[in-house]
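Undergrad: Fold the following, please.
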Amino acid sequence: MTSGAYGLVGLTPAQREAVTADDPVICLLAGAGTGKTRVLTLRVARRAHEGSARPERVLVCTFSRKAAQELRHRLWALDVGDVRAGTFHRTALQLLRQHHADRGGTAPQILPDRRAVLASVLATEPGGGRRSPVGQVDTEIGWAKARLIGPEEYEEEARRYGRRPVGGAGAMADRYARYEEARRRRRVLDLDDLLWRAADLLADDPTFAAAVRWRNRHLLVDEMQDVNAAQFRLLRLLAGDDPDLFVVGDPNQSVYGWNGADPTLLDRLPDAFPGARVLRLDQNHRCSPQVVAVAAAALGIAGSTSDAAGAGPDGADDAAGPTSTRADGPVPRVVGLDTDAGEAGWVARQAWLAHRPGRRWDQIAVLARTNGQLQMLAEALRAARVPARLAEPAAGPASDLRTRWAADGRALVQPVGDDPEAATDDGDDELRDAVVLTTFHRAKGLQWPAVFVAGLSEGLVPIASARTPAARDEERRLLYVALTRAEAELTCSWARWSDGRAQADGAAARERCRWLADVERTCATLAAAQAPTDPEQVSARFATLRALASGPGEE
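TA: Numbering: from 1, shown residues only. As a prediction, this is how the structure comes out:
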């Protein structure tokens, strides 16, 4: 098969370099909409067809089951089969299964959801655990295990990272220790233990590690910015001393630190793998130049509305910031409303107007920071007779296995030999045509022609619980993720009051999100550049705005 047959024709110079480079370790920094999935797929296909990698010895670690399926489908279309792709947790599970099969030992049992055990542990506390919500404790233990933090180190590390668990760090360390004791008595592993145990096997059993590295000779990792310490340890042990590794990530889209992900691991990868080559993709092929410029402004980085190339393929530090290869689009809008309810109603009206001839409802999305905000927006859309649906939960760096077990209602304890991902999909019916309502986190990896980003008031974005500089930086990156979901039309909105009573009681008005000032300045600059000067153009623009302001009218 020729290079053109598996898709190198039409690649940008930077994309082509990422696909064809022969360096043993490559770290590809790929911004939003730069075609990273295409590059990763074509790199596997190119090596398979040229004979530098055998497909059955390729392992791709993704952060969701859906991403793994999409990758396999793309490779099948390029006549490449037998490539293994799955989450880190699934990979760890398979390693445990292989180790026990090779040695004939008793397979450990897996606790797919530790909350049942946690509930019994917390029930022994004064008040029967009512002061310690199981979900919050579960999240905190998950964060600690992702960071390779045991109960004995938890208190110190929680304070270092600014964690504020219910009851305090000392009480949380005690709950963590008691949970671990209860888990060991039951002789089970929870899903986060899979990563630790699999890495321990590779570190402690050289013969097993050599066999695993032979079978998984060619490693690729998607969404590297969301890797946590436990996953990174497993990756290093899989790669060994003679790595063949290709990782893709975007530091500007690292938004899972609250769940244990460590965005610094992507930056530190060249130190962990000496000689690693860093490449960059900065051209956005999804968003209009106007959306790219506004999103860059929100993030506080240099952006350009031109389609000029960004950094060269050698990954030099003189990158000009993200650019767009798309045609010009409308200038994004920033609108302030009086109340949350008023904002929801306004967004519903604008969504109705965005449903123009030739555009389906599901090509429009409304994004908010929290699930609670989505409820009011859903009610407003319903009142405006706009069909809407909540987006399906998206799998992030948290284990897909936990999601699958919980959704399929399987037994609390499963033997490691059972395949938790072998079940059929959860009855996904054909989605009806409706505006998509989703949170910023769930929107990651998705895109729509028209996007409304609502609720951009201080206390919501950044969220009030983001108390440390690192947490606020993550909130800023999360806003960037939300803005870059828009292909062409982008509207941002915020409200001065949470409700009418606050205004009547004389409470201080809320401020707009602190990062909207830069967005508004960029919008003003873009609007000035696009402002018509010909009288007929001015008249036509005014007529269009007047028509939009008139609304849907009566049906």
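Undergrad: Could you list the paired strands of whatever helix or strand Gly86 lives in along with their orientation?
TA: Element membership of Gly86, judged by DSSP states H and E, is strand 84-87. Strand 84-87 has its sheet partners listed here by DSSP bridges as strand 58-62 (parallel).
Undergrad: what is the rounded mean pLDDT of the partner strand?
TA: Strand 58-62 comes out with an average pLDDT of 97.
Undergrad: now stretch 339-358
TA: Mean predicted confidence for stretch 339-358 is 96.
Undergrad: Is Asp193 in contact with Lys145, as I believe?
TA: Yes - assessed by C-beta atoms under 8 Å, Asp193 is found in contact with Lys145 at 7.2 Å. Bear in mind the C-beta positions are built from the backbone N, C-alpha and C, glycine included.
Undergrad: For the helix or strand hosting Trp494, which helices and strands make contact with it?
TA: Using DSSP H and E, Trp494 sits in strand 486-497. For strand 486-497, the packing partners by 3 or more C-beta pairs under 8 Å, 6 or more residues apart in numbering; DSSP states H and E come out as helix 289-299, strand 333-339, helix 340-354, strand 448-453, helix 516-530.
Undergrad: Listing partners with orientation, what would you give for that strand?
TA: With DSSP bridges as the test, strand 486-497 pairs up with strand 333-339 (parallel), strand 448-453 (parallel).
Undergrad: could you dump those strands to CSV with distance to Pro151?
TA: Below are the strands paired with strand 486-497 laid out as CSV (distance: least, C-beta to C-beta, whole Å):
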stretch, distance to Pro151
strand 333-339, 46
strand 448-453, 40
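Undergrad: okay, these, which one's buried deepest?
TA: Per-stretch averages of neighbours, counted by mean count of other C-beta atoms under 10 Å, single out strand 448-453 among the strands paired with strand 486-497, with a mean of 24.
Undergrad: any idea how far that strand is from the chain center?
TA: 17 Å (C-alpha atoms, centre = their mean, to the nearest Å).
Undergrad: For the helix or strand following that strand, list the C-alpha coordinates in CSV.
TA: As assigned by DSSP H and E, the chain's next helix or strand after strand 448-453 is helix 469-483. Below are the C-alpha coordinates for helix 469-483, written out as CSV (Å, rounded to 0.1, in the frame of the first residue of the first chain):
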residue,chain,number,x,y,z
PRO,A,469,-3.8,28.7,41.9
ALA,A,470,-3.5,25.2,40.3
ALA,A,471,-7.3,24.7,40.6
ARG,A,472,-8.1,28.0,39.1
ASP,A,473,-5.6,27.4,36.3
GLU,A,474,-7.5,24.2,35.6
GLU,A,475,-10.8,26.1,35.5
ARG,A,476,-9.3,28.4,32.9
ARG,A,477,-8.3,25.5,30.8
LEU,A,478,-11.8,24.0,31.2
LEU,A,479,-13.3,27.3,29.8
TYR,A,480,-10.9,27.0,26.9
VAL,A,481,-12.2,23.4,26.3
ALA,A,482,-15.8,24.7,26.3
LEU,A,483,-15.1,27.5,23.9
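Undergrad: tell me the angle of helix 469-483 relative to strand 448-453?
TA: Helix 469-483 and strand 448-453 are oriented at 140 degrees to each other (axes from the mean of the first three to the mean of the last three C-alpha atoms, to 10 degrees).
Undergrad: just checking, what packs against helix 469-483?
TA: Taking 3+ C-beta pairs under 8 Å, 6+ apart as the contact cut, helix 469-483 packs with helix 289-299, helix 440-443, strand 448-453.
Undergrad: how about it: buried residues?
TA: In terms of neighbour count (16 or more other C-beta atoms under 10 Å), helix 469-483 has its buried residues at Ala471, Asp473, Glu474, Glu475, Arg476, Arg477, Leu478, Leu479, Tyr480, Val481, Ala482, Leu483.
Undergrad: which one of those residues sits closest to Val44?
TA: For the buried residues of helix 469-483, the residue nearest Val44 by C-beta to C-beta is Val481; the value is 25.9 Å.
Undergrad: what sits against that closest one?
TA: Contacts for Val481 (C-beta atoms under 8 Å, 6 or more residues apart in numbering) come out as Ala32, Gln253, Val255, Phe440, Ala443, Lys444.
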